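Enquirer: Quick one, structure for this:
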Amino acid sequence: MTTTEKPTLPRHVHTLVVGAGFGGIGLAAALLREDPRADLLVIDRADDVGGTWRDNTYPGCACDVPSALYSYSFAPEPDWRYAYGRQPEIHAYLRRVADETGVTSRTVLGCELLDAQWDEDARHWRVRTGAGTLTATVLVAATGALSAPRLPDVPGLEKFRGVMFHSAQWNHDHDLSGRRVAVVGTGASAIQFVPEIVDRVEHLTLFQRTAAWVLPKHDRPISRLERALFRALPVTQKVMRGAVYAQKEGYVVGMAHHLWLLRLFQRHAEAYLREQVPDDTLRAALTPKFTITCKRILLSNDWLRTLTRPDVTVVASGLTAVTETGAVDDAGVEHPVDTIVFATGFSPTEPPVARHIRGADGSTLAEHWAGSPSAHLGTTVHGFPNLFLMYGPNTNLGHSSIVYMLESQAAYIADALRVMAAEGVSTVEVTASAQRRYNAGLDPQLARTVWNAGGCDSWYLDHRGRNSVMWPTYTWRFRRRTRRFDVENYRLGSIGSADPAAAEAHA
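Expert: Numbering: from 1, shown residues only. Sure thing, here's the model as predicted:
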């Protein structure tokens with residue numbers, strides 16, 4: 001359904017999935033494979049499916065995980081054109097999967113979640129959207145961790161007379177030819193679009209608050225012969241996927257268990273930096289002061305070389321203020337610019353959807369978390385019955401494909417719904433003790449990882465200093481934990497039932 005039509009919502013649906021990106025499509029497809037007649041609805045605020053791969057259209061947008069692994073295991077794509085997928089083909093892939101699995105016909109677009117309140121008496125969710133209201137037995141928040149662009153809080157933004165926008169909301173109507181452009185941030189998006197736009201602009205000023213470790217991206221076109229082989233013998237693509245997966249899992253040895261091994265990895269990055277940046281002063285500014293992989297490694301073949309150009313200025317500081325015609329650095333120097341592009345990332349520890357979901361006591365998920373998200377298996381939260389999260393707390397990765405984690409969560413949620421049907425219950429809620437035990441096991445593991453002990457200040461750490469974002473070890477361990485719904489850690493209920501387990505739930 002397109003937003004040119006007025007969306008029509010049912011009065012009630014058993015399973016309501018919010019978000020039609022990799023998580024939402026993957027879960028809906030799993031549920032429909034099990035039961036093509038499942039009482040299921042997916043809603044999304046945008047006018048198309050695709051999530052982050054629909055929204056991010058900046059020049060050069062691509063994935064930094066090989067396509068062989070950054071795709072659903074149940075929907076192999078033999079016709080990837082490159083080893084690392086570009087945004088248009090990843091978006092097209094998600095559209096195709098949604099169509100072929102029947103998810104598209106169960107999706108209402110242009111339908112933004114405004115509020116969801118758990119009704120304890122009726123034992124269901126009361127949901128208000130931009131297209132109307134409905135109730136749902138089960139609510140799944142699949143809005144992703146990287147869906148809300150974050151702008152820095154600096155004085156003077158409202159005074160700027162030029163054009164400014166976030167890289168995740170690229171202004172394609174603004175011609176950058178001959179412009180003096182400031183780019184704020186040096187993360188995964190900046191390293192892709194800066195080399196793409198630099199030939200068009202008059203001058204580019206890069207505000208770098210923190211330098212990042214960079215390695216070459218071993219990208220290449222996938223030949224017609226290879227694609228034909230994948231189509232004729234699908235097992236060959238499975239073998240390639242398995243090989244990429246095994247290689248990525250190997251990184252965990254250094255990242256989470258033997259940090260001393262990262263010194264060898266870091267020497268490789270230092271050699272690459274010396275090769276690309278001959279100037280000692282600039283190279284010093286571009287050398288990170290933290291252990292490699294503490295922040296996600298950036299993969300690029302032209303980023304460092306681009307920063308050596310005479311029409312590029314690297315400012316080794318953050319943006320401290322904006323004037324009518326310029327951007328001011330930490331030293332108080334104003335750099336004249338007429339365009340500002342913010343490549344400042346997102347807010348994964350404060351996901352916007354959490355402000356719109358109210359649990360049994362009436363508090364929002366954001367209030368419940370108080371800036372430090374936690375969940376059982378990154379999927380369920382005590383006090384929020386029949387709520388499941390996709391890409392929830394502590395499910396992010398620094399080495400592999402998030403799609404693998406999302407498929408693991410989808411299997412877990414599907415099994416939870418099977419248990420509800422088999423047991424004839426209307427509600428499942430993780431107990432407080434089970435959630436505490438799970439997170440008490442995560443935190444010591446994370447303390448030993450490079451993400452906590454590598455000396456960087458990253459978006460993995462919330463305002464309490466807790467790592468509420470990363471999964472601390474091998475992804476196969478998460479899959480093993482989510483292979484079945486651990487009903488023993490949940491309180492089951494039905495409409496009209498008393499609450500005999502309330503004491504244990506709050507123990």
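
Enquirer: Mind checking the pLDDT average for stretch 130-138?
Expert: For stretch 130-138, mean pLDDT is 97.

Enquirer: In CSV, list the C-alpha atoms belonging to that stretch.
Expert: Output in CSV follows, covering the C-alpha atoms of stretch 130-138 (Å, rounded to 0.1, in the frame of the first residue of the first chain):
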residue,chain,number,x,y,z
GLY,A,130,-0.8,8.1,12.2
ALA,A,131,-3.4,6.1,10.3
GLY,A,132,-5.7,5.2,13.1
THR,A,133,-5.9,2.9,16.1
LEU,A,134,-5.9,-0.8,16.7
THR,A,135,-5.2,-3.4,19.3
ALA,A,136,-2.6,-6.1,19.2
THR,A,137,-1.9,-9.2,21.3
VAL,A,138,1.8,-9.1,20.5
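
Enquirer: Give the buried residues for that stretch.
Expert: 131, 134-138 (16 or more other C-beta atoms under 10 Å). For glycine as for every other residue, the C-beta is placed from the backbone atoms N, C-alpha and C.

Enquirer: do the same with stretch 221-240
Expert: Neighbour-count burial for stretch 221-240, counted by 16+ other C-beta under 10 Å, picks out 222, 227, 230, 237, 240.

Enquirer: Return the distance of the residue nearest to the last one when sequence neighbours are not counted relative to His218.
Expert: So the one you mean is Met240. Nearest non-adjacent residue to Met240, counting by C-beta to C-beta, 6 or more residues apart in numbering: Ala68, 4.9 Å away. As for Ala68, its distance to His218 is 13 Å (criterion: C-beta to C-beta, to the nearest Å).

Enquirer: of these two, who's got more company?
Expert: Here Ala68 and His218 are compared on neighbour count by other C-beta atoms under 10 Å; more neighbours surround Ala68, at 24 against 10.

Enquirer: Who are the contact partners of the more buried one?
Expert: Taking C-beta atoms under 8 Å, 6 or more residues apart in numbering, we find Ala68 in contact with 80, 83, 237, 240-241, 244.

Enquirer: run the last query once more with 10 Å
Expert: By C-beta atoms under 10 Å, 6 or more residues apart in numbering, Ala68 lies in contact with 76-77, 80, 83-85, 222, 230, 237-245, 401.

Enquirer: How about Val108?
Expert: 1, 3, 5, 7-10, 20, 41-44, 129, 131-132.

Enquirer: with those in mind, which one is nearest to Leu319?
Expert: Taking C-beta to C-beta as the measure, Asp44 is the one of these closest to Leu319, at 32.4 Å.

Enquirer: Need the pLDDT of that closest one.
Expert: The model reports Asp44 with a pLDDT of 97.

Enquirer: Against Phe74, how distant is it?
Expert: Distance of Asp44 to Phe74, given as C-beta to C-beta: 21 Å.

Enquirer: Compare those two (neighbour count), which wins?
Expert: The neighbour count for Asp44 versus Phe74, taken as other C-beta under 10 Å, is higher for Asp44 (26 against 13).

Enquirer: Wait, that one touches Val18, no?
Expert: Yes. The criterion here is C-beta atoms under 10 Å, and Asp44 meets it with Val18 at 7.7 Å.

Enquirer: overlap in contacts of those two?
Expert: With C-beta under 10 Å, 6+ apart, Asp44 and Val18 have common neighbours 24, 111-113, 142-143.

Enquirer: hang on, the earlier thing: what sits in contact with each of Ala68 and His218?
Expert: Counting by C-beta under 10 Å, 6+ apart, the common neighbours of Ala68 and His218 are 83-84.

Enquirer: Over to the nearest residue to Arg358 once chain neighbours are set aside. Which of the three states is it?
Expert: Nearest residue to Arg358, sequence neighbours excluded (C-beta to C-beta, 6+ apart): Gln117, at 4.5 Å. Put simply, Gln117 is strand when judged by DSSP: H, G, I helix; E, B strand; the rest coil.

Enquirer: Give me the below-cutoff pLDDT ranges for the stretch 251-400 of the chain.
Expert: 346-349 (pLDDT under 70).

Enquirer: do you know how far the residue nearest to Met240 is from Leu259?
Expert: Distance of Ala68 to Leu259, computed by C-beta to C-beta: 28 Å.

Enquirer: Kindly report the same for Gly493.
Expert: For Gly493 relative to Leu259 (C-beta to C-beta), the value is 45 Å.

Enquirer: Looking at those two, which has the bigger crowd around it?
Expert: Set Gly493 next to Leu259 and count neighbours by other C-beta under 10 Å: Gly493 wins out with 21 against 18.

Enquirer: Which residue, other than its chain neighbours, is closest to the more buried one?
Expert: Thr427 (4.1 Å).

Enquirer: One more: Arg274?
Expert: Of all residues not flanking Arg274 in the chain, Arg283 sits nearest, at 6.8 Å (C-beta to C-beta, 6+ apart).

Enquirer: Would you list the phi and psi of that neighbour?
Expert: When quoted as degrees, to the nearest 10, the phi and psi of Arg283 stand at phi -60, psi -40.

Enquirer: Does it touch Val277 like I think?
Expert: Yes. The criterion here is C-beta under 10 Å, and Arg283 meets it with Val277 at 4.3 Å.

Enquirer: Regarding the protein, what is its longest strand?
Expert: Scanning the chain for the longest strand, with DSSP state E as the assignment, gives strand 132-141.

Enquirer: what's downstream of it, the next helix or strand?
Expert: strand 163-166 (DSSP states H and E).

Enquirer: Average pLDDT for that following strand, rounded please.
Expert: Strand 163-166 comes out at a mean pLDDT of 96.

Enquirer: List the contacts of His172.
Expert: His172 makes contact with 57-59, 165, according to C-beta under 10 Å, 6+ apart.
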